[in-house]
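A.B. asks: Sequence and predicted model, in that order:
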Amino acid sequence: MKNILILTAFASALAMSLPLTARSNDADLSVLQPCIPDTQARYRVERVEIIGAMPYQGGTLYHAALVYKGQPKGLEGETMILVAEGRCREIYGVPGGGDPDPLTTVFPKREARRLTLQWMERRVELSGFDAIQASLNDPRLRSLSDEMAWAYRQLGFSIPSYVQIKN
């Protein structure tokens, strides 16, 4: 897996600064600062880790994990911020431990799959392959969204036959 390189971005003196980390050091991420939430659900955001970026709607869509202050490793939120014409706009966010809407409610299927794959690669880094496979084998799991099933398969996971894939 790629190493995460640390970049710190600062907003204006009036805006609160949160450290940003990214997988590449060639991007100026300061434009994201105004769109990064300082809290999500009941959690205070300690830092933001960029886990992916891709062209989207004439700009760049940044996919980020929100690491919460004082929370255990792995309990994270998720946000997607679109940067176009020098401005940012948060277009999707999921609090840690939340039950998110399928990404296809916001993004076309192709982009939803790519974003889900980025998130699942991060989950594998944090939790390990075996722990995730065990969660997929839990008999209480009844369904997965299309993009989740696709991402799991791309990473080599087995999905039990009783799990319904929702389009």
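C.D. replies: Thanks, I have the structure now. Numbering: from 1, shown residues only.
A.B. asks: Go ahead and report the secondary structure state at P34.
C.D. replies: helix (DSSP: H, G, I helix; E, B strand; the rest coil).
A.B. asks: Let the chain start at 24 from now.
C.D. replies: Let's use 24 as the start, then, which means that last one is P57.
A.B. asks: Let me know whether it touches R112 as I believe.
C.D. replies: No. Taking contacts as C-beta atoms under 8 Å, P57 lies outside contact range of R112: 9.6 Å. All C-beta spots, glycine's among them, are computed from the backbone N, C-alpha and C.
A.B. asks: Surely A107 and P78 touch.
C.D. replies: No. With contact defined as C-beta under 8 Å, A107 does not reach P78; the gap is 10.2 Å.
A.B. asks: ok, the longest strand anywhere in the chain: who's next to it in the sheet?
C.D. replies: Looking across the chain with DSSP state E, the single longest strand is strand 66-79. According to DSSP bridges, strand 66-79 forms sheet pairs with strand 43-45 (parallel), strand 62-63 (antiparallel), strand 82-91 (antiparallel).
A.B. asks: Span of stretch 166-181 from start to end?
C.D. replies: One end of stretch 166-181 sits 14 Å from the other (C-alpha to C-alpha, to the nearest Å).
A.B. asks: Quick check: mean pLDDT of it?
C.D. replies: Mean per-residue pLDDT for stretch 166-181: 96.
A.B. asks: which residues does L164 contact?
C.D. replies: S158, P183, V186 (C-beta atoms under 8 Å, 6 or more residues apart in numbering).
A.B. asks: ok, now with 10 Å
C.D. replies: S158, I182, P183, Y185, V186, Q187 (C-beta atoms under 10 Å, 6 or more residues apart in numbering).
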